[in-house]
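Student: fold the following.
(3 chains)
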Amino acid sequence: MVPLSWYVALSSLLFLIGLVGVLIRRNIVIVLLCIEIMLNAVNINFVAFSKYQHVIDAQIFVFFVITVAAAEVAIGLGIIIALFRLKETINIDEFNILKL
Amino acid sequence: MLPYLLIPVLPFVGFLVVGMFWPYFRGKGHWIAVPLIFASFFLSLKAFFDTLNGPSLHFVLYDWIHSGHFDVSISILIDHLTAIMLVMVTAVSALTHLYTVGYMKDDSGYDRFFAYISLFTFSMIMLLMSDNLLELFIFWEAVGFCSYVLIAHWYERKPSWVAANKAFIMNRVGDFGFLLGILLTYTTFGTLTYSEIFAKLPQHLHDTIRVLGAFNGLHASSVITVIALLLFVGAVGKSAQIPLHPWLPDAMEGPTPISALIHAATMVTAGIFMIARLSPIYNASPTALSVVAWTGALTAFVAATIALTQRDIKKIVAYSTMSQLGYMVMACGIGAYGAGIFHLLTHGFFKGLLFLAAGSVIHALAGEQDVFRMGGLGKIMKITFPTMLIGSLALSGIPPFAGFYSKDLILSMAFQDGMIGHVFWVIGVATALMTAFYSFRLIFMVFSGKERFSHDGHHGHAPHESPVVITIPLLCLAALAVVAGWLGERYDIIGYLAQDMTIPHAVGKPELSESALKTISVMAGVVGILIAFVMYGRPSELPQILARMFQPLFRFSQNKWYFDELYDLVFVRPTIFLSRLLWVEVDKGVIDTAVNGVASFCRFGGAAMRRIQTGQIQNYALVMALGLFGMVSLYLLIK
Amino acid sequence: MQLAMFSYFGSAILISALFVLYFRNPIYSAMSLLAMFMHIAGLYVILEAEFLAGVQLLVYAGAILVLYLFVVMLLNVESRGRFIQRQTPIVVGVGILAVVEISLLILRTRFYPELPPIPHPGVETLGNTETIGMVLYTQYLFPFEIASLVLLIALVGAIVLAKGKLKFR
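Tutor: Numbers count the residues shown, from 1 in each chain, chains lettered A, B, ... in the order given. As a prediction, this is how the structure comes out:
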């Protein structure tokens, strides 16, 4: 039997990969993809604990996370399209109007 | 009640109407102010006759402050002292108003001037009518304010506003003491109303207070003495006694009617009035009385010596005012309140007369004030000359003019006051001699001898007698200066005033008879006049010779005993130095540096921190991640 | 057997995730992500969460990723210049620090041993999907409805944002 800690380690590493991707990639679409990676890392944790603790509620939470992820993608891509219309670019470092 | 209430209200109405609409009067302000003040005068006369043999009148207009045990009302109190003062004040004020019509003609501030002298008259009347110390203090300050704005009437001229500031600041010093005295009165007696204070006086005769208690001073003083002395500080300021006197001569920068009304006849006598009003308090403190007497005697003497050598016609009269005020204060100090008030009244008439006459002379010579540039005016000014002569005779104490009765009364009261009284008497007689001398020096310089003025300086026409609105007040005042003393003597003004005041000291047996004393004081006056005649009555080198012989004394007198220089050195320069020090070192050096330091810290800090705000969302996310893992490392390190 | 499965799916997940970061072209990244989603679904299967595995495939691979691909193709931007940010060295440093920290945390943490199977026959007999359905529509009915509302709002929001200038008046 695989110990629970291995799943935790796996999800942690996946989460870190997603985080690093968010922090280093310049393409805003990839950044959004990396956020999906991070959400999936969390989901793995949920499911693993659900199996090992016999708690079905954790899987319900995964369900909700997927829902929120779908919503987030819809909104995020909408924002990207709006931004692209505004700036003709999808490079995240060119959107620095927060400075003003 | 209404007629008495109208006495102060009428001038106040004059002030309101003229004061609020003065730009619209265009030199017609006197049509409002003058009739009102004359009406006020006649009502004062009515009040005087109503109280002549009856009880004093007392009305409470309204309760002003009613807080715990602290009750102050705005009241009208007309007793014998107030009534006779009212007559003098409104009479001089009314005549001065009339005089102003001629004197201030064509002045740009003509209507404003009327507004302020009406306000002054109102304040002075209310001061006289007040029945408690707080009401007195308010109008005490109000007359001070009027004095300030009227001295600075020609505010475009620097000497005017400098003199106004000087008068105001010096009076603040005195009023500070006065206010402390009022506060101590309240804490001691629990009331500020005169009658209640006097009623409670016997209970507090032996109360003591440690004046320097805050500094661990152990010396306990009689609280009555402290109150009396603090209140006297206010009188010293207001009545121009040494050491708070230098503002009065400088106040002559104001228009002459002001000098006559405020700085000779009325406001400056408020201090003497206050002492007389509070005579029971002073009677309870022999220490305070002797301080009052010495201050008065010193002032009388010093002012007379200064007046000997002055050249400015108004300054001479001003110093003589100061000297006479010293007489009155001295009279109060030896307990002769009645004599002091009597002299105050006669002085109000003849000194008002002298000032107005001096103003007439100045008017005739188009602003010339130096007596050495006058002369020979007696031939031209056929009304001013005799009236001023009457005023000077009255001032010199020559019978039968007013000054003789009152001044002689003070001197004989002083003489009867024991050994110290003899000293006061000697000072008084010496002062009387000097008074006669400088008064007639002025008369001879101005009205006799050669004409030393230049004709071309006066708009191309010769000096002339003043118009009738100026000469009528002169004639009225001259008449009063002749008869006031005789009337006072004839109708026993001392006995009349004694109904309100108690004379403390038992009158001792005079070692010299009454007539001998009178003869001596009259002789002093006559001798003074003779000396003046010898030196100035005809062309003579004597004044120059004497000035050269007594060079140091002459300079000392001409420079007014160096009071101004002394104050400049002791108070003004250190204050300016300290202010400059605080400005340059503390304000600019410390406070500005601190404030600017905060500002520049924020600026440079902001400039440095600005680099952090890149607008790059990933930078912010990195910082978040750093924070997260930083906290985790902290957790790992601690755990 | 289970260990081998876990090793395969785990390594495949990590490698495909790294490929998402590695590819310059968003299409390739999206394809790597698809691989990752599928392997995660496999992981769910060995964790006996068959329903979620199905949802993972349908929603993520079927819907979300397609949406990504649509957008990428719609925008069709040539990516020029560098494709990673200047702060990469710092991020890598933070990443290494994080790996060390997480390993320390996991090593220090004492996980519960696997609980024995619940001796409840009723639950045991039900499959994963049925169990979820039971719980979702009873205990979590209200959050479920809220989730549907979230999706609705996201739908409207996406339309508003993507359509650009709407004429509200």
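
Student: phi, psi for B:Leu36 please.
Tutor: phi -60, psi -40 (degrees, to the nearest 10).

Student: for B:Gly348, give me its contacts.
Tutor: B:88-89, B:92, B:264-266, B:269 (CB atoms under 8 Å, 6 or more residues apart in numbering or on different chains). To be clear about C-beta, it is placed using only N, CA and C from the backbone, and glycine gets the same treatment.

Student: now do the contacts for the closest residue in space to it that isn't next to it in sequence.
Tutor: By the measure of CB to CB, 6 or more residues apart in numbering or on different chains, the closest residue to B:Gly348 outside its immediate chain neighbours is B:Ala265, 3.9 Å from it. Applying CB under 8 Å, 6+ apart, we find B:Ala265 in contact with B:88-89, B:92, B:347-349, B:351-352.

Student: pLDDT below threshold where in chain C?
Tutor: C:79, C:113-126, C:164-169 (pLDDT under 70).

Student: most centrally placed residue in it?
Tutor: By CA atoms, centre = their mean, chain C has its centre lying nearest to C:Phe37, at 6.5 Å.

Student: just the element for that one, please.
Tutor: helix C:26-46 (DSSP states H and E).

Student: what residues of the one helix or strand B:Met170 maps to count as buried?
Tutor: B:Met170 belongs to helix B:158-189 when assigned by DSSP H and E. Residues B:160-161, B:163-164, B:166-168, B:170-171, B:173-175, B:177-182, B:184-186, B:188-189 are the ones in helix B:158-189 that count as buried (16 or more other CB atoms under 10 Å in any protein chain shown).

Student: on that earlier part again, now do the residue nearest to B:Gly348, the pLDDT please.
Tutor: As predicted, B:Ala265 sits at a pLDDT of 86.

Student: any idea how far it lies from B:Lys315?
Tutor: 17 Å (CB to CB, to the nearest Å).

Student: how about C:Leu34?
Tutor: 111 Å.

Student: now do the helices in chain C.
Tutor: For chain C, the helices defined by DSSP state H cover C:2-22, C:26-46, C:50-55, C:65-75, C:88-108, C:121-125, C:128-138, C:141-163.

Student: turn those into JSON lines, columns for distance to A:Gly76.
Tutor: Formatted as JSON lines, the helices of chain C follow (distance: least, CB to CB, whole Å):
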{"stretch": "helix C:2-22", "distance to A:Gly76": "16"}
{"stretch": "helix C:26-46", "distance to A:Gly76": "14"}
{"stretch": "helix C:50-55", "distance to A:Gly76": "20"}
{"stretch": "helix C:65-75", "distance to A:Gly76": "9"}
{"stretch": "helix C:88-108", "distance to A:Gly76": "21"}
{"stretch": "helix C:121-125", "distance to A:Gly76": "38"}
{"stretch": "helix C:128-138", "distance to A:Gly76": "26"}
{"stretch": "helix C:141-163", "distance to A:Gly76": "9"}
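
Student: looking at these, which is nearest to chain B?
Tutor: Closest to chain B of these, according to CB to the nearest CB: helix C:88-108, at 5.0 Å.

Student: show me which residues of the closest one are buried.
Tutor: Buried, per 16+ other CB under 10 Å, within helix C:88-108: C:88, C:90-91, C:94-95, C:97-98, C:101-102, C:105.

Student: can that helix be found next to chain A?
Tutor: Yes. For helix C:88-108 and chain A, the contact criterion (CB under 8 Å from any CB of the partner chain) is met by C:88, C:91-92, C:94-95, C:98-99, C:102-103, C:106.

Student: that helix: how far from the chain's middle?
Tutor: The chain centroid and the centroid of helix C:88-108 are separated by 22 Å under CA atoms, centre = their mean, to the nearest Å.

Student: now do stretch A:89-100
Tutor: Put simply, stretch A:89-100 sits 21 Å off its chain's centre (CA atoms, centre = their mean).

Student: with stretch B:429-448 instead?
Tutor: In this view, stretch B:429-448 has its centroid 23 Å away from the chain centroid, taken as CA atoms, centre = their mean.

Student: what of stretch B:56-67?
Tutor: On CA atoms, centre = their mean, the centre of stretch B:56-67 falls 27 Å from that of its chain.

Student: what does it rub up against?
Tutor: Defining contact as CB under 8 Å, 6+ apart, one finds that stretch B:56-67 is touched by B:1, B:4-5, B:47, B:50-51, B:71-80, B:82, B:131, B:134, B:500.

Student: mind listing which of those are in strands?
Tutor: Among those, the ones falling in strands (DSSP state E) are B:71-78.

Student: out of these, which comes closest to chain A?
Tutor: Among the ones in strands among the contacts of stretch B:56-67, and counting by CB to the nearest CB, the member closest to chain A is B:Val72, at 64.7 Å.

Student: which residues in the stretch 351-500 of chain B form helices?
Tutor: B:384-396, B:402-415, B:418-447, B:468-490, B:493-497 (DSSP state H, counting those that start in this stretch).

Student: name the helices or strands packed onto the one helix or strand B:Ala260 maps to?
Tutor: B:Ala260 belongs to helix B:256-260 when elements are defined using DSSP H and E. Applying 3 or more CB pairs under 8 Å, 6 or more residues apart in numbering or on different chains; DSSP states H and E, one finds that helix B:256-260 makes contact with helix B:80-103, helix B:133-151, helix B:313-333, helix B:337-364.
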